[in-house]
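Asker: After the sequence you'll find the predicted model.
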Amino acid sequence: MSLELECPARISRLQEKLQALELDGALFIYPIDIYYFTATRQNSTLWVPAEGEPLLLVRKSYTRAKDEACVADIRPFPRSKEFASLFAGQQKIGMTFDVTPVQQFNYYSKLLPGREFSDITMLNRELRSVKSAWELERMRYSGVQLSRVFASVADFLQPGMREVDLATEFEARLRKIGNEGYVRMRAFNQELFMGLAVAGSSGSTGGFFDGAVTGQGMSHASPHGASVEVIKPGQPVLIDYAGVFDGYIVDMTRMYVCGELNETLENAFTVACQIQAEVAAKLKPGAICSELFVLAVEMAAEAGLGHCFMGPPGEQAKFVGHGVGLELDEFPVLAPGFDMPLSVGQTIAVEPKFVFPELGPIGIENTYAVTEQGGEKISVLSDALVRI
């Protein structure tokens, strides 16, 4: 299987959904959606009719899109007065409103007056959440490569180095083996730079990032990830990075300590691993995402750690797992209210973590594929705490 075969199959599945909704087609303007259906990320607009061949209209680079795209009809983006003529008879049009700015929506509404636009966000996200065998192979490769770098941390982590020094060493090794660095996120106002390496109370700093651990970052303008704080003996060192190879993301976290952890942190780490094991075993088709979240929360509470589960007290993230693929925040989400049943081929990063304001964060994270037998671990490295 290759992208030349993947993309037509993806378009065919999309067209079946569009026909079921009685839409005439779907207009995509978000780059990673366009890549998913065409295999090119060039600046373009994709029209997928409910029946027939898709049309890719390219602003830049037309030459590269012609070389890369797995669709036959590729044209330069037309002048405004010519645009509507391409959509004669197309009245009901789907768009992904979750990533369509108002300005862009108004622009296309003006180009296509009188059309009825419908939101196909859920259709698109659910479609993309189920990975093909080809996609799973890409993710397994990402998992192996990312695990290689995590396995080397003991070679360069030492007390006295700054968090940013640790991050630099990790990121350099990850880049040298081909990590692409683009950790794409779909959610509005979310961003990160490859991952984070934090230690002790510095890692307990709350922040904008929708996750259990944020870190201080380097400034108020970049309040996420490693800081210039020095790593001390006995502090929990949490390293959470995404590996991105061939566009596909695998997310994982491992714990390290220079010396020994105190009893509270040791216990919390054990509980985090137990929660992960219970959730991973239930990653089977038909399992309800919100129920898996409740399971994790109940286990944390039973261990007396509910107050610091998934974030510092008062600033806790409301999930314990998130879909990954071409984006870090894909469907499904193991979260309250997300009552979607799991499907074979979905890929989920499960990340039970605890954050103690004075001591620091501790936890585990692995990426799994949903199978009939439970979660297949894609981030293949041992979960064990590494003592330096």
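Answerer: The structure has been received and is ready for your questions.

Asker: Please enumerate the helices of the stretch 251-388 of the chain.
Answerer: Secondary structure of the stretch 251-388 of the chain (DSSP state H, counting those that start in this stretch): helices at 263-281, 289-302.

Asker: Please identify which of these is closest to Q42.
Answerer: Q42 lies closest to helix 289-302 among the helices of the stretch 251-388 of the chain, at 34.3 Å (C-beta to C-beta). Where C-beta positions appear, they are placed from N, C-alpha and C, glycine not excepted.

Asker: Other residues contacting the closest one?
Answerer: Outside helix 289-302, the residues that touch it by C-beta atoms under 8 Å, 6 or more residues apart in numbering are 271, 274-275, 278-279, 282-283, 306, 309, 319-321, 332-342, 352, 354.

Asker: follow-up on the earlier one: possible to save the helices of the stretch 251-388 of the chain as a markdown table with mean pLDDT?
Answerer: Formatted as a markdown table, those follow (pLDDT from 0 to 100):
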| stretch | mean pLDDT |
| --- | --- |
| helix 263-281 | 98 |
| helix 289-302 | 98 |
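
Asker: Please produce a markdown table containing those, extended by mean neighbour count and distance to S12.
Answerer: Below are the helices of the stretch 251-388 of the chain laid out as a markdown table (neighbours: other C-beta atoms under 10 Å; distance: least, C-beta to C-beta, whole Å):
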| stretch | mean neighbour count | distance to S12 |
| --- | --- | --- |
| helix 263-281 | 19 | 32 |
| helix 289-302 | 18 | 27 |
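
Asker: out of those helices, which comes closest to D24?
Answerer: Of all the helices of the stretch 251-388 of the chain, helix 289-302 comes closest under C-beta to C-beta, at 32.1 Å.

Asker: Any of the contacts of helix 289-302 buried? List them.
Answerer: 271, 275, 278-279, 282-283, 306, 309, 319-321, 332-335, 338, 340, 342, 352, 354 (16 or more other C-beta atoms under 10 Å).

Asker: wait, which of the helices of the stretch 251-388 of the chain is closest to M122?
Answerer: Nearest to M122, of the helices of the stretch 251-388 of the chain and by C-beta to C-beta, is helix 289-302 at 14.0 Å.

Asker: I'd like to check the angle between the closest one and helix 263-281, please.
Answerer: 160 degrees (axes from the mean of the first three to the mean of the last three C-alpha atoms, to 10 degrees).

Asker: mind checking which of the helices of the stretch 251-388 of the chain is nearest N43?
Answerer: Across these, N43 has its closest neighbour in helix 289-302 (34.5 Å, C-beta to C-beta).

Asker: any idea how far that closest one is from the chain center?
Answerer: 21 Å (C-alpha atoms, centre = their mean, to the nearest Å).

Asker: What ranges does the stretch 101-250 of the chain have for its helices?
Answerer: Going by DSSP H, counting those that start in this stretch, the stretch 101-250 of the chain shows helices at 102-111, 121-129, 133-151, 163-176.
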